[in-house]
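1. pasting the structure only:
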């Protein structure tokens, strides 16, 4: 008996287990509502990039690794804008390939990239240092070259930063939009795209719907990157700026009957995020909860900002770059990819009992369980409809602050190689049971 006890003690030392850890994981009940009031389309999880990346030729169909990474996540919606949209000029006679200007040749490269990836484009146009005439000329070329791959124009970036009042912005936007529509009849727009505010959304919807506004937009981040922390990031989807903004956008959208509302630029911490917070497993879990929060408020999607910037390193970028070439993907890409694996369908809210820091929701008859606890849970999931079997994809990493993230045992390589090995589980009627590791998220895909 003494020898057995000694062996057991050694096992505890060398395996890191304990009597407490050996206990069964806490049981969690997840009830996915059968009712739904919103739809998740294929373009829900998209990207946002700075306008200067067009002239820099980041987007070209010969960049095969980048094309593959976009295809793996898409087809979706690429928003071109950012701070640099208002610092990038239009040069109709230029040869292209310069980051500080855009030419017809640059737009042709973007158009070929859109065709190669299957993505649509929101095309940003300089407002701050531009004229309506030049904006209209660029818009005319963009509409002609992009064709059906153009979803909307975005005039300026976060105008509340440099325009003081709503009446002043309304007059300025209207002047540019009218000039564009004179050259591009039927042009569509998104706006107002305020920085971390929604104050102008109601008035924008009211006054610009008849001028071609089809997307009511906002830009949202948690806080500046000097405030970055993993606990605050994970808590940001519960209260504060993000959920408050989503509720305000839903209200403005419902009041004005615009086609959709969308977060056309977002990520965790602005000014590029913070290494060790914005690009680790916690950020992947955060992005999933944020996607769910926008869907719950009937939003049409989120464009997570990324790429590269001359202003500061973009630690939060879903795709990581060396110059113009992708060298891998980071946390937010994994969150978006797990979301995409659920496919399009009706969004279903879900209730969770049995543990704190666990969130859940459904898309179609598939379910997510997002476990931000430091211990694993066993979740009994009740789905909206009956099924017989399910595949379980686990988004996991060794710790919340780890960059070694996988989905169903697979990393995403820089060439988009992705070989997940989901586990199969039985579904009895509408009920299945899944293990959700600590600091991980699970997607249950039924069949």
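-> On my side now, so go ahead. Not measured: the values here are computed from a predicted model. Numbering: from 1, shown residues only.

2. list the contacts for residue 96?
-> Counting by Cβ atoms under 8 Å, 6 or more residues apart in numbering, residue 96 touches 55, 57, 102-106, 109. Placement of C-beta: from N, CA and C, glycine included.

3. and if you look at residue 339?
-> 44-45, 288, 291.

4. helix, strand or coil: sort out it for me.
-> helix (DSSP: H, G, I helix; E, B strand; the rest coil).

5. next one: it from residue 42, what distance?
-> Taking Cβ to Cβ, to the nearest Å as the measure, residue 339 and residue 42 are separated by 11 Å.

6. returning to that earlier point: tell me the one among the contacts of residue 339 nearest to residue 430.
-> Proximity of the contacts of residue 339 to residue 430 (Cβ to Cβ) peaks at residue 288, which lies at 22.7 Å.

7. what's the burial count for the closest one?
-> A total of 25 residues lie near residue 288 under the criterion other Cβ atoms under 10 Å.

8. show me the strands in the stretch 151-300 of the chain, by range?
-> When assigned using DSSP state E, counting those that start in this stretch, the strands of the stretch 151-300 of the chain occupy the ranges 189-195, 213-220, 223-224, 260-266, 269-270.

9. in CSV: the ones you listed, plus distance to residue 164.
-> Shown next, in CSV, are the strands of the stretch 151-300 of the chain (distance: least, Cβ to Cβ, whole Å):
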stretch, distance to residue 164
strand 189-195, 13
strand 213-220, 18
strand 223-224, 22
strand 260-266, 21
strand 269-270, 21
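
10. so residue 148, which of the three states?
-> Assignment for residue 148 (three-state DSSP): helix.

11. max-length helix in this structure?
-> helix 166-183 (DSSP state H).

12. can you list the domain ranges for the protein.
-> The record assigns the chain these domain ranges, following automatic domain parsing: 24-37+345-446, 42-341.

13. can you redo those as TSV with mean pLDDT?
-> Formatted as TSV, the domains of the chain follow (pLDDT from 0 to 100):
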stretch	mean pLDDT
domain 24-37+345-446	97
domain 42-341	98
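
14. residue 165: how many residues sit nearby?
-> So residue 165, with other Cβ under 10 Å, has 10 neighbours.

15. for the strands of the stretch 151-300 of the chain, which one sits closest to residue 25?
-> Smallest distance to residue 25 across these (Cβ to Cβ): 31.9 Å, for strand 269-270.

16. ok, the closest one: who's next to it in the sheet?
-> Strand 269-270 pairs in its sheet with strand 223-224 (parallel), by DSSP bridges.

17. can you count the residues close to residue 355?
-> For residue 355, the neighbour count with other Cβ under 10 Å is 19.

18. in CSV, list the strands of the stretch 151-300 of the chain along with mean neighbour count.
-> Putting the strands of the stretch 151-300 of the chain into CSV (neighbours: other Cβ atoms under 10 Å) gives the following:
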stretch, mean neighbour count
strand 189-195, 25
strand 213-220, 25
strand 223-224, 15
strand 260-266, 26
strand 269-270, 23
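
19. go through the contacts of residue 96 and give me the one with the most neighbours.
-> Busiest of these [other Cβ under 10 Å] is residue 102, holding 30 neighbours.

20. so what's it bridging to?
-> Bridge pairing for residue 102 - DSSP bridges - gives residue 90.

21. which ones are touching it?
-> Residue 102 sits in contact with 51, 54-55, 88-91, 96, 138, where contact means Cβ under 8 Å, 6+ apart.

22. if we go to 6 Å?
-> Going by Cβ atoms under 6 Å, 6 or more residues apart in numbering, residue 102 touches 54-55, 88, 90.

23. can you list which of those residues are found in helices?
-> 54-55.

24. got a ChimeraX select line for the buried ones in the contacts of residue 102?
-> Typed into ChimeraX, the line below selects the buried ones among these, using 16 or more other Cβ atoms under 10 Å:
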select :54,55,88,90
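
25. just the closest of the contacts of residue 102 to residue 390, please.
-> residue 54 (41.9 Å).

26. I figured the closest one was touching residue 110, is that so?
-> Yes - judged on Cβ atoms under 6 Å, residue 54 makes contact with residue 110 at a distance of 5.5 Å.

27. need the three-state assignment for residue 29.
-> strand.

28. so what's residue 376 up against?
-> 25, 437-438.

29. look up how far residue 352 lies from it.
-> Residue 376 sits 15 Å away from residue 352, going by Cβ to Cβ.

30. just residue 270 next, same as before
-> Residue 270 is 30 Å from residue 352, by Cβ to Cβ.

31. now do the strands in the stretch 301-447 of the chain.
-> 302-305, 319-322, 325-329, 345-353, 358-363, 366-371, 377-382, 389-396, 406-407, 423-426, 431-436, 440-446.

32. list the pairing partners of the second one within its sheet, with orientation.
-> When pairing is defined by DSSP bridges, strand 319-322 lines up against strand 325-329 (antiparallel).

33. so how far is the partner strand from its chain's centroid?
-> In this view, strand 325-329 has its centroid 18 Å away from the chain centroid, taken as Cα atoms, centre = their mean, to the nearest Å.
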